[in-house]
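>>> how would this look folded up:
(one chain, ligands or ions: 2)
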Amino acid sequence: MTSASKSLTAETLIVQEVAPRDGLQIEPVFVPTEAKIALVDALSAAGFTRIEVSSFVSPKAVPALRDAAEVFAGIARRPGTVYVALVPNLKGAERALAAGADEINLVMSASETHNRANMGMSCEASLEAFGHMVAAARGTRATINATIATAFGCPFEGPQAVEKVEALVARYGDLGVDGVTLADTTGMANPRQVADLVRRTLARVPAERLTLHVHNTRGAGIANVLAAHGAGARRFDAALGGLGGCPFAPGATGNVCTEDLVSLCHEMGLETGLDLAALIGLARGLPALVGHEVPGQVAKAGRPCDLHPAPARKAA
Ligand code: COA
Ligand code: ZN
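Ligands and ions are numbered 1, 2, ... in the order given. Here you go, the predicted model:
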């Protein structure tokens with residue numbers, strides 16, 4: 001994979017917002033289409049340059065996202081923002097391209113067992129389908145990203161050999177995809193492991209084309225993001241409120257929380273280009289949308305700069 005023209009500095013951290021897809025796919029409630037469209041539009045207004053809008057998967061597998069085409073048709077596209085669709089097979093790719101997705105995100109797992117649970121097929125069958133999906137997207141204006149789920153560990157099989165993940169990255173390169181995502185589907189990764197795999201992957205995939213997809217299932221989400229950033233990764237998936245999780249991975253919980261990550265980045269002097277106050281406002285509206293409290297912490301605590309009045313001193 002050749003380097004994209006845009007250069008990223010060590011002071012940059014790009015967040016791709018995935019709440020409309022990863023966040024909502026696991027929710028038992030069906031969030032109405034208009035509310036999904038309003039959420040994506042608000043995320044565009046908050047400054048995201050990349051938003052994963054929905055997935056074109058079987059509506060039986062993920063009923064919560066059965067309205068993907070309507071959501072794509074209804075959103076107001078901000079110039080410069082890439083609107084991404086996750087796709088599992090050729091049918092999904094064709095539906096996403098017809099809906100006008102700017103990028104399709106092909107997904108398979110490093111783990112054979114998780115791929116069968118999630119995608120109903122073997123890893124080799126997924127790779128074969130990828131070939132057809134890439135062919136379908138070439139000649140359209142859409143770019144192609146490909147994700148390796150369970151890259152840092154599988155809830156059924158346990159650790160995944162780093163060589164297996166590297167071989168998949170190489171296969172993705174042979175297929176001619178534009179970008180690669182390494183996903184820690186159920187938060188099994190640790191910062192040293194993440195830094196090692198990021199360094200190895202950057203030998204093949206330039207930072208402009210690499211995304212880390214981190215779940216906070218065991219509380220290590222932000223630590224893993226910072227380790228990856230320190231190793232040279234620059235683009236990260238995150239979900240507003242810390243929503244998210246794979247419905248086909250036992251014990252899956254939310255992505256690393258967007259506003260928590262952005263708050264920490266800004267405190268550290270890392271640029272995200274995002275409006276943190278707007279993100280907090282949106283995150284505070286999520287419980288009404290999904291019907292329960294959400295894990296994110298900064299929306300509850302406020303920004304570090306949101307100070308409290310000093311307590312009145314009691315008279316002696
Ligand atoms: N979009 C819409 N419908 C689809 C579809 C797609 N991308 N792919 C398959 N279908 C439909 C088929 O048309 C068929 O419909 P029918 O029963 O009305 O005839 C039905 O789904 C079964 O199709 P089949 O090819 O046998 O698929 P399957 O049942 O083996 O499921 C997947 C395979 C990949 C479609 C399914 O496992 C899936 O959607 N997985 C995604 C899971 C996910 O989103 N995980 C979280 C994100 S990583
Ligand atoms: Zn995920």
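
>>> just checking, what packs against the helix or strand Ala238 falls within?
Using DSSP states H and E, Ala238 sits within strand 235-238. Other helices and strands packing on strand 235-238, by 3 or more Cβ pairs under 8 Å, 6 or more residues apart in numbering; DSSP states H and E, are strand 14-17, strand 210-214, helix 221-230, helix 258-268. (Each C-beta comes from the backbone N, C-alpha and C, glycine too.)

>>> Any idea which of these gets closest to ligand 1?
For the helices and strands packed on strand 235-238, the distance to ligand 1 is smallest for strand 210-214, at 9.7 Å, taking Cβ to the nearest ligand atom.

>>> Pull the residues that contact the strand holding Ala238.
13-18, 22, 50, 52, 181, 183, 207-208, 210-214, 225, 228-229, 255-258, 261-262 (Cβ atoms under 8 Å, 6 or more residues apart in numbering).

>>> Look up the closest residue to the residue of the stretch 201-316 of the chain found nearest ligand 1, ignoring the ones flanking it.
Ranked by Cβ to the nearest ligand atom, the top residue of the stretch 201-316 of the chain for proximity to ligand 1 is Cys246, at 5.0 Å. Closest residue to Cys246 apart from its sequence neighbours, by Cβ to Cβ, 6 or more residues apart in numbering: Ala252 at 4.6 Å.

>>> Run through the residues that contact Val225.
Here Val225 is in contact with Leu13, Leu212, Val214, Phe236, Ala238, Val256, Leu261 (criterion: Cβ under 8 Å, 6+ apart).

>>> any idea how far the residue nearest the centre of the chain lies from Asn255?
In the chain, the residue lying closest to the centroid (Cα atoms, centre = their mean) is Asp237, at 3.4 Å. Per Cβ to Cβ, to the nearest Å, Asp237 is found 6 Å from Asn255.

>>> now swap in Ala35 and tell me
19 Å.

>>> now do Arg66
21 Å.

>>> swap in Cys305?
25 Å.

>>> With Ala149 instead?
Taking Cβ to Cβ, one finds Ala149 at 13 Å from Asn255.

>>> Tell me which of these two has more neighbours.
Ranked by neighbour count (other Cβ atoms under 10 Å), Ala149 and Asn255 place Asn255 first, with 31 against 25.

>>> Please, where are all the helices along this structure?
Taking DSSP state H as the criterion, the chain carries its helices at 24-25, 33-45, 68-74, 90-98, 112-119, 123-137, 162-175, 191-202, 221-230, 258-268, 276-284, 286-290, 298-301.

>>> Most tightly packed of the ones you listed?
helix 24-25 (a mean of 24; mean count of other Cβ atoms under 10 Å).

>>> So for that helix, mean pLDDT?
With pLDDT averaged residue by residue, helix 24-25 scores 98.

>>> Let me have the contacts of Val225 in TSV, adding pLDDT and distance to Thr81 as columns.
Shown next, in TSV, are these (pLDDT from 0 to 100; distance: Cβ to Cβ, whole Å):
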residue	pLDDT	distance to Thr81
Leu13	98	17
Leu212	99	20
Val214	98	22
Phe236	98	16
Ala238	99	16
Val256	98	20
Leu261	98	19
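
>>> Please indicate which of these are buried?
Leu13, Leu212, Val214, Phe236, Ala238, Val256, Leu261 (16 or more other Cβ atoms under 10 Å).

>>> Just put the residues you listed in a markdown table and tack on distance to Ala220.
Formatted as a markdown table, the buried ones among the contacts of Val225 follow (distance: Cβ to Cβ, whole Å):
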| residue | distance to Ala220 |
| --- | --- |
| Leu13 | 17 |
| Leu212 | 13 |
| Val214 | 8 |
| Phe236 | 14 |
| Ala238 | 14 |
| Val256 | 9 |
| Leu261 | 13 |
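
>>> what does the stretch 101-250 of the chain have sitting close to ligand 1?
Within reach of ligand 1 by Cβ under 6 Å from any ligand atom, the stretch 101-250 of the chain has these residues: Val107, Asn118, Met119, Gly120, Ala149, Cys246, Phe248.

>>> Of those, just say which sits nearest to Ala288.
Distance to Ala288 across those (Cβ to Cβ) is lowest for Cys246, with 24.5 Å.

>>> can you pull the contacts of Ala278?
Taking Cβ under 8 Å, 6+ apart, we find Ala278 in contact with Ala42, Ala45, Ala46, Gly47.

>>> And those residues, which is closest to Ala96?
Once Cβ to Cβ is applied, the member of these that ends up nearest Ala96 is Ala42, at 22.1 Å.

>>> quick one: that closest one and Val194, what's the gap?
30 Å.
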